[in-house]
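Colleague: have a look at this fold, sequence not included:
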């Protein structure tokens with residue numbers, strides 16, 4: 001291929017730009033007010049000086065903001081900008097030989113610079129074009145576009161999606177609206193839900209999550225404890241959505257009206273609570289979709305519609321949608337309209353049920369469609385599945401994701417897993433949301449560990465992750481009896497019956513939950529994930545880690561006893577230099593859970609935790625630290 005004069009004179013090489021996810025295929029994620037730090041390897045042949053700049057803009061704005069880049073070491077450069085609006089931002093890096101600086105530098109310092117040969121873009125373009133020929137669908141189109149960009153010699157444009165701060169820092173409380181009535185056995189209403197909102201706010205939560213609030217199917221309705229045969233009066237599972245009363249855009253008549261729901265959302269907002277609504281794209285056999293859009297479902301050879309199953313489990317009360325349906329386009333548009341309907345009701349957060357069982361292309365399309373006009377909307381992926389699938393969903397646009405946290409109990413596995421989520425490139429697109437329990441998950445640890453087990457999992461979930469949640473009433477009241485030995489299903493599960501919770505019962509974990517949330521809400525160190533660092537402690541039943549605020553003014557050290565039955569003790573060893581703690585004098589640590597103050601000396605200090613009293617420390621470390629004000633541009 002002929003080399004044009006323009007390409008022949010292009011001498012600067014730009015490589016390894018960060019942040020980027022899968023070579024720019026997906027956007028990285030940040031939240032409102034965050035600094036976006038962009039780095040790249042930038043170099044040229046010979047001894048000439050190089051200059052570089054970062055170009056950034058919010059989608060929809062016509063003007064790129066140009067920010068000079070500064071050299072680090074080993075041909076690595078950086079620049080940063082802060083994002084002042086939510087939405088999608090584009091950015092790219094450009095570099096050039098600076099002849100004037102070359103002369104000036106050589107004149108003053110007489111130094112030289114090492115570099116590698118420039119990359120042959122045309123060879124890369126041919127390789128990408130060959131991959132495009134092997135691919136199909138959207139991937140083939142995207143690869144062909146990249147090949148065209150490489151052939152043109154233009155710099156690739158990468159992207160960052162900026163979300164509301166609640167995407168980075170949130171505390172979720174889940175409850176079933178039908179279980180909120182004052183009288184045992186009565187069906188709760190949205191008016192009843194409003195009455196418990198102040199207590200949830202007082203506990204320090206900021207997101208209230210509701211399971212599906214739609215009409216519940218009557219055909220093949222499940223009975224109590226997931227009994228395949230429902231008895232008269234059994235209320236069924238909220239996830240068996242749809243009946244003659246309507247489907248995904250209707251409200252269960254016993255909960256109230258559309259106006260009642262709007263009033264509930266407004267009452268929550270007055271308490272600074274966001275409402276998160278469950279979106280489950282599945283249908284009960286008597287959902288109107290089954291009658292009006294039969295082609296959206298998979299049929300068996302005998303002509304009946306295939307119900308959901310995960311052998312050996314069977315869900316006869318639920319029909320999954322067929323994402324290979326020939327009528328997929330109208331199905332996608334209808335599902336998009338479901339989201340938009342509830343956005344119109346004031347809902348800005350959606351917890352999506354089992355997104356990994358729906359088509360990946362659908363999620364990439366629908367999330368982009370919703371966030372184009374409503375960038376404030378957040379999506380939580382409930383996908384307890386294989387890691388690569390969970391990561392793919394995050395790349396496709398999900399704002400937060402459930403994790404394997406409920407089953408990580410040992411010190412080494414907790415440290416390894418959370419390090420993967422917070423200290424590797426995974427963190428650019430995957431925001432973990434840690435839950436110690438859900439209506440589907442009652443772990444063996446909670447079943448057998450008593451009150452201390454609940455305290456341990458609360459302390460870990462709320463301090464390891466800036467986003468965490470609890471299935472509220474069951475967790476507060478230490479609900480721990482399984483349906484049967486070896487099962488993670490609750491006995492008398494609220495998924496299949498109305499429960500009456502005595503929220504003011506003696507022994508509730510509510511005071512500890514409220515204290516932990518207060519600490520989270522007043523300490524910026526616990527409002528981010530990326531500062532998490534694990535530290536040495538000479539007892540495998542004790543885990544120790546630190547978190548600090550972006551400006552390093554708030555430093556917390558957390559120590560948790562992983563044994564819910566026995567007192568454990570040991571020596572914690574801290575990297576004083578890395579934490580910027582003076583090694584030559586004592587420093588003060590205050591336990592924010594109890595108010596107790598300790599004086600520590602040097603890197604090695606003793607801790608002892610009795611689970612009958614308290615299973616952990618949240619220690620604020622007092623240190624002297626010089627903070628340099630930032631000067632990065634704000635977009």
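Modeller: That came in fine, so what should we check first? This is a predicted model, so every value here is computed, not measured.
Colleague: checking residue 415 next. Helix, strand or coil?
Modeller: At residue 415, secondary structure determined by DSSP: H, G, I helix; E, B strand; the rest coil is helix.
Colleague: so how many other residues sit close to it?
Modeller: Neighbour count for residue 415, taken as other C-beta atoms under 10 Å: 19. All C-beta spots, glycine's among them, are computed from the backbone N, C-alpha and C.
Colleague: can you tell me the helix or strand for the nearest residue to it once chain neighbours are set aside?
Modeller: Leaving aside its chain neighbours, residue 415 sits nearest to residue 534 (4.6 Å; criterion: C-beta to C-beta, 6 or more residues apart in numbering). Per DSSP states H and E, residue 534 falls inside strand 533-537.
Colleague: again, but for residue 368
Modeller: Per DSSP H and E: residue 368 is located in helix 360-373.
Colleague: same thing with residue 563?
Modeller: Here residue 563, judged by DSSP H and E, is contained in no helix and no strand.
Colleague: so residue 490 makes contact with residue 475?
Modeller: No - using C-beta atoms under 8 Å, residue 490 is not in contact with residue 475; the gap is 11.3 Å.
Colleague: pLDDT value on the residue nearest to residue 415, please?
Modeller: If you check residue 534, the pLDDT there is 98.
Colleague: residue 440 contacts residue 487, correct?
Modeller: No - using C-beta under 8 Å, residue 440 makes no contact with residue 487, being 10.9 Å away.
Colleague: mind checking how far the most centrally placed residue in the chain is from residue 275?
Modeller: Centroid-nearest residue in the chain: residue 400, 2.1 Å away (criterion: C-alpha atoms, centre = their mean). Separation of residue 400 from residue 275 (C-beta to C-beta, to the nearest Å) stands at 16 Å.
Colleague: check residue 169 too.
Modeller: 17 Å.
Colleague: of these two, who's got more company?
Modeller: residue 275 (23 against 20).
Colleague: quick check: the more buried one vs residue 205, distance?
Modeller: For residue 275, the distance to residue 205 - C-beta to C-beta - is 12 Å.
Colleague: for the nearest residue to residue 171 once chain neighbours are set aside, give me its contacts.
Modeller: Leaving aside its chain neighbours, residue 171 sits nearest to residue 205 (4.6 Å; criterion: C-beta to C-beta, 6+ apart). Going by C-beta atoms under 8 Å, 6 or more residues apart in numbering, residue 205 touches 171-173, 273, 517.
Colleague: could I get the residues you listed as CSV with neighbour count, distance to residue 76 and pLDDT?
Modeller: Below are the contacts of residue 205 laid out as CSV (neighbours: other C-beta atoms under 10 Å; distance: C-beta to C-beta, whole Å; pLDDT from 0 to 100):
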residue, neighbour count, distance to residue 76, pLDDT
171, 23, 37, 98
172, 24, 39, 98
173, 27, 44, 98
273, 19, 44, 98
517, 21, 40, 98
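Colleague: in the stretch 101-250 of the chain, where is pLDDT below threshold?
Modeller: Counting by pLDDT under 70, the stretch 101-250 of the chain shows low-confidence ranges at 101-125, 127, 149-151, 153-156.
Colleague: quick one: the helices in the stretch 1-150 of the chain?
Modeller: For the stretch 1-150 of the chain, applying DSSP state H, counting those that start in this stretch gives helices covering 5-8, 99-108, 121-134, 137-152.
Colleague: from what I can see residue 200 touches residue 207, true?
Modeller: No - counting by C-beta under 8 Å, residue 200 sits too far from residue 207 to count as a contact (9.6 Å).
Colleague: overlap of the contact sets of these two?
Modeller: Shared contacts of residue 200 and residue 207 (C-beta under 8 Å, 6+ apart): 173, 273.
Colleague: who's more crowded, the two?
Modeller: residue 207 (23 against 20).
Colleague: find the nearest non-adjacent residue to the more buried one, please.
Modeller: The shortest distance from residue 207 to any non-neighbouring residue, by C-beta to C-beta, 6+ apart, is to residue 172 (4.5 Å).
Colleague: list the contacts of the one you found.
Modeller: Under the criterion of C-beta under 8 Å, 6+ apart, the neighbours of residue 172 are 205, 207-209, 276, 433, 435, 467-470.
Colleague: give me phi/psi at it?
Modeller: The phi and psi values for residue 172, taken as degrees, to the nearest 10, are phi -100, psi 140.
Colleague: so what's it bridging to?
Modeller: In this entry, residue 172 is beta-bridged to residue 207, residue 469, by DSSP bridges.
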